[in-house]
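Visitor: the sequence and its predicted three-dimensional model are supplied below.
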Amino acid sequence: MIPAAVGYHRATSLEDALEALAEPDAKALAGGQSLIPVLKLRIARPSLLVDLGGLELRSIERDGDELRIGALATWKDLTSSLELDSSGLAGLADCASSIGDLQVRNRGTIGGSLAHADPASDMPAMLLALGARVETRSPDGERSLSVSELLVGPFTTALGERELITAVVLPVPPPGSGSGYASVEHPASGFPLAGAGALGRPDGTKAVAITGVGARPQLVPESGSLDDVEVYGDRFAPESYRRHLAGVVAARALEIAQVRSEGRR
Ligand SMILES: Cc1cc2nc3c(=O)[nH]c(=O)nc-3n(C[C@H](O)[C@H](O)[C@H](O)COP(=O)(O)OP(=O)(O)OC[C@H]3O[C@@H](n4cnc5c(N)ncnc54)[C@H](O)[C@@H]3O)c2cc1C
């Protein structure tokens with residue numbers, strides 16, 4: 001379908017973007033990989049698209065004990081970043097490389113994915129396992145939210161009307177840590193039926209989170225038991241099968257993280 005007519009404004013600064021978003025029914029546009037399909041289906045009919053593409057929010061930089069990923073960093077930027085391997089954060093690149101196809105990875109951004117809050121999106125599980133926070137900016141100022149605080153339900157976030165994600169910030173895990181991501185994808189959409197991100201630290205502690213199985217990404221309890229994890233079923237993957245897949249991908253992600261932590265690859 002052809003989208004309804006919509007205005008377009010290419011933001012020149014964050015302030016300019018926030019000002020333009022004051023127009024009723026204006027919407028931010030990042031990579032357009034989720035928003036444009038929604039416009040084509042006329043599920044959303046914004047009055048104005050505020051293109052964030054020109055803003056300098058794309059860098060991936062280590063800043064002391066933290067890694068800062070600009071909201072406009074694309075999946076391709078993450079797969080080609082040299083910062084990740086050396087920081088024990090290679091799982092971010094695993095996860096980004098499992099998303100969509102080359103075109104989607106060239107355009108889609110980490111900030112856009114988080115703001116869209118598709119419960120089947122890959123990256124939130126990896127970010128949850130790594131203890132990431134999301135920085136935002138609105139006319140009221142700046143905020144920092146955990147991934148769980150941000151993602152409140154399917155396609156629903158805690159973002160205000162004119163609040164933009166500016167960066168994702170992760171604590172760099174201790175030296176000798178490893179991270180990994182594994183998923184089983186729906187063969188038609190490529191989105192995960194179940195995906196898991198894992199972090200293994202040299203002291204043997206670990207964190208695992210899963211996506212694609214419930215209303216939002218969930219941390220797996222330290223016991224590793226998935227009994228209390230919320231899992232839904234549908235025609236394609238009944239609840240029992242999806243729960244089984246969650247266990248499989250969690251084990252695979254943890255294995256990758258532990259192998260990396262032990263320096264075996
Ligand atoms: C064919 C195809 C396959 C895909 N496969 C996968 C997959 O396997 N796994 C997966 O996880 N995803 C997948 N995606 C989704 C993809 O990752 C999208 O890129 C992502 O969900 C949205 O990012 P975007 O930059 O394109 O955002 P856009 O489409 O531009 O925007 C999405 C929403 O976020 C808002 N927004 C954008 N940036 C910001 C910001 N900085 N602050 C606040 N709000 C903002 C917009 O207003 C809009 O509501 C796929 C998409 C396509 C088209």
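Guide: Received, thanks.

Visitor: so which residues on the stretch 151-265 of the chain come close to the ligand?
Guide: By CB under 6 Å from any ligand atom, the residues of the stretch 151-265 of the chain that approach the ligand are 159, 164-165, 190-191. Bear in mind the C-beta positions are built from the backbone N, C-alpha and C, glycine included.

Visitor: need the residues you listed in CSV (columns: distance to residue 123).
Guide: Listed next are those as CSV, based on distance: CB to CB, whole Å:
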residue, distance to residue 123
159, 16
164, 18
165, 12
190, 14
191, 12
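
Visitor: residue 210 in helix, strand or coil?
Guide: Recorded secondary structure, residue 210: strand (DSSP: H, G, I helix; E, B strand; the rest coil).

Visitor: what pLDDT does the model give it?
Guide: Here the pLDDT value assigned to residue 210 is 98.

Visitor: leaving aside the residues adjacent along the chain, what's closest to residue 112?
Guide: Spatial nearest neighbour of residue 112, excluding adjacent residues (CB to CB, 6 or more residues apart in numbering): residue 30 at 3.7 Å.

Visitor: list the contacts for that neighbour?
Guide: Counting by CB atoms under 8 Å, 6 or more residues apart in numbering, residue 30 touches 52-53, 71-72, 109, 111-112, 115.

Visitor: look up how far residue 166 lies from it.
Guide: 12 Å (CB to CB, to the nearest Å).

Visitor: let me see the ranges of the helices in the stretch 1-150 of the chain.
Guide: 14-20, 35-40, 75-79, 83-86, 90-97, 102-107, 110-116, 123-129, 147-150 (DSSP state H, counting those that start in this stretch).

Visitor: quick one: strands adjacent to the following helix or strand past the last one?
Guide: Counting by DSSP states H and E, the next helix or strand C-terminal to helix 147-150 is strand 151-153. Under the criterion DSSP bridges, strand 151-153 sits next to strand 156-157 (antiparallel) in its sheet.

Visitor: name the next helix or strand downstream of the strand it pairs with, please.
Guide: Downstream of strand 156-157, the next assigned helix or strand under DSSP H and E is strand 164-171.

Visitor: what residues sit buried inside that next one?
Guide: Neighbour-count burial for strand 164-171, counted by 16 or more other CB atoms under 10 Å, picks out 164-170.

Visitor: which strands and helices sit next to that strand?
Guide: The contact analysis (3 or more CB pairs under 8 Å, 6 or more residues apart in numbering; DSSP states H and E) places strand 164-171 against helix 14-20, strand 66-70, helix 110-116, strand 133-138.

Visitor: one more time with 6 Å
Guide: With contacts taken as 3 or more CB pairs under 6 Å, 6 or more residues apart in numbering; DSSP states H and E, strand 164-171 sits against strand 66-70, helix 110-116, strand 133-138.

Visitor: okay, and the helix or strand of this protein with the least pLDDT?
Guide: Sorting the helices and strands of the chain by mean pLDDT, DSSP states H and E puts helix 83-86 at the bottom, at a mean of 83.

Visitor: need the contact list for the closest residue to residue 22 other than its chain neighbours.
Guide: Distances taken as CB to CB, 6+ apart put residue 162 closest to residue 22, at 6.6 Å, once the chain neighbours are dropped. For residue 162, the contacting residues are 18, 21, 138-139, by CB atoms under 6 Å, 6 or more residues apart in numbering.
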